[in-house]
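J.: sequence plus predicted model, see below.
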Amino acid sequence: GNRPYDMRKVIEEIVDHGEYLEVHEHWAASVLCVLARLGGRLVGVVASQPQSLAGVLDIHASEKAARFVQFCDAFSIPLVTLVDVPGFLPGVDQEHGGIIRHGAKLLYAYCNATVPRVQLILRKAYGGAYIVMDSRSIGADLSYAWPTNEIAVMGAEGAANVVFRREIAASDTPDATRAQLVKEYTAELMHPYYAAERGLVDDVIDPAETRATLIAALDMLATKHALLPARKHGNPPQ
């Protein structure tokens, strides 16, 4: 779960002929913004990049992804979001720079988009960062997950330390108690199909079927037509 990998290799396996065009490749490297084709259809891919800062969302990554989502929506390009995000980047600099405000730009961009939107959760999907990466709760049309998915507020280790703090502190063997509680928490609340049971995803798929599943999803959503409210424009966060 903590091993980094290059999300570009995943994208190469999914898109037509393994070919894609990456936008702003050398800026905000913890998120990838890619134009490619799936089943001959042009799509925009927003993807976490675990190889850079473990794939966290920081101020620049949020802005980069938000602008790309708005670009795709402006030109009626369907969106595919590949999620492996451990959260927003913590730190004093990020807080002073307004990480929540900038993260809200990505949230706004997805909520405002009317193009077909498909989400795929590969591994980690923690906290608010999971929500702004086109979760079902903000209007994704379809959401899929690999069996390695972990949708939660935080990781099992951190969650157990908070939820079972008193039990661990009162134990004669706190390390053993913590390990046992982490194991129980993982088995009950972070198993692969827990997300599907809660309705957070539509299906848990075999990774080998990812390309076919995404193409079928985009085919189904090809005639999507969303009506916008009657107004001049929205008021995005700055």
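T.: Perfect, thanks for sending it.

J.: every contact and neighbour count from this point should use C-alpha atoms.
T.: Fine.

J.: what comes into contact with the longest strand belonging to the chain?
T.: Longest strand in the chain, counting residues (DSSP state E): strand 117-126. Strand 117-126 has contacts (CA atoms under 8 Å, 6 or more residues apart in numbering) with 1, 78-87, 134-135, 140-155, 214, 217-218.

J.: name the SS class of the residue sitting furthest away from the middle of the chain, please.
T.: The outermost residue of the chain relative to its centre, with distances by CA atoms, centre = their mean, is Asp172 at 39.7 Å. The three-state label given to Asp172 by DSSP: H, G, I helix; E, B strand; the rest coil is coil.

J.: what ranges do the strands span in this protein?
T.: 20-23, 31-38, 41-48, 79-85, 117-126, 142-145, 150-152, 203-204.

J.: format these as TSV; extra columns: mean pLDDT, mean neighbour count and distance to Leu57.
T.: Below are these laid out as TSV (pLDDT from 0 to 100; neighbours: other CA atoms under 10 Å; distance: least, CA to CA, whole Å):
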stretch	mean pLDDT	mean neighbour count	distance to Leu57
strand 20-23	96	15	17
strand 31-38	97	23	7
strand 41-48	97	24	8
strand 79-85	97	27	7
strand 117-126	94	24	11
strand 142-145	96	24	20
strand 150-152	85	24	16
strand 203-204	94	19	24
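
J.: the ones you listed into CSV, with extra columns for distance to Ile11?
T.: Below are the strands of the chain laid out as CSV (distance: least, CA to CA, whole Å):
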stretch, distance to Ile11
strand 20-23, 8
strand 31-38, 9
strand 41-48, 9
strand 79-85, 9
strand 117-126, 12
strand 142-145, 15
strand 150-152, 20
strand 203-204, 19
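
J.: about what we covered before: the longest strand of the chain to strand 41-48, inter-axis angle?
T.: With axes from the mean of the first three to the mean of the last three CA atoms, to 10 degrees applied, the angle from strand 117-126 to strand 41-48 works out at 10 degrees.

J.: strand partners of strand 117-126, parallel vs antiparallel please.
T.: Paired strands of strand 117-126, with direction, are strand 79-85 (parallel), strand 142-145 (parallel), strand 150-152 (parallel) (DSSP bridges).

J.: got the ones you listed as TSV, with distance to Gln94 columns?
T.: Below are the strands paired with strand 117-126 laid out as TSV (distance: least, CA to CA, whole Å):
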stretch	distance to Gln94
strand 79-85	17
strand 142-145	29
strand 150-152	22
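
J.: tell me, how many residues neighbour the closest residue in space to Arg211 that isn't next to it in sequence?
T.: With sequence-adjacent residues excluded and distances taken as CA to CA, 6 or more residues apart in numbering, Arg211 is closest to Ile14, at 4.9 Å. Ile14 has 22 neighbouring residues, counting by other CA atoms under 10 Å.

J.: again with Pro90
T.: 12.

J.: for the residue nearest to Arg211, give its distance to Leu38.
T.: Computed as CA to CA, to the nearest Å, the Ile14 to Leu38 distance reads 8 Å.

J.: tell me the pLDDT at Gly158?
T.: Predicted confidence (pLDDT) at Gly158: the value is 69.

J.: show me where pLDDT drops low in this protein?
T.: 154-156, 158-159, 189 (pLDDT under 70).
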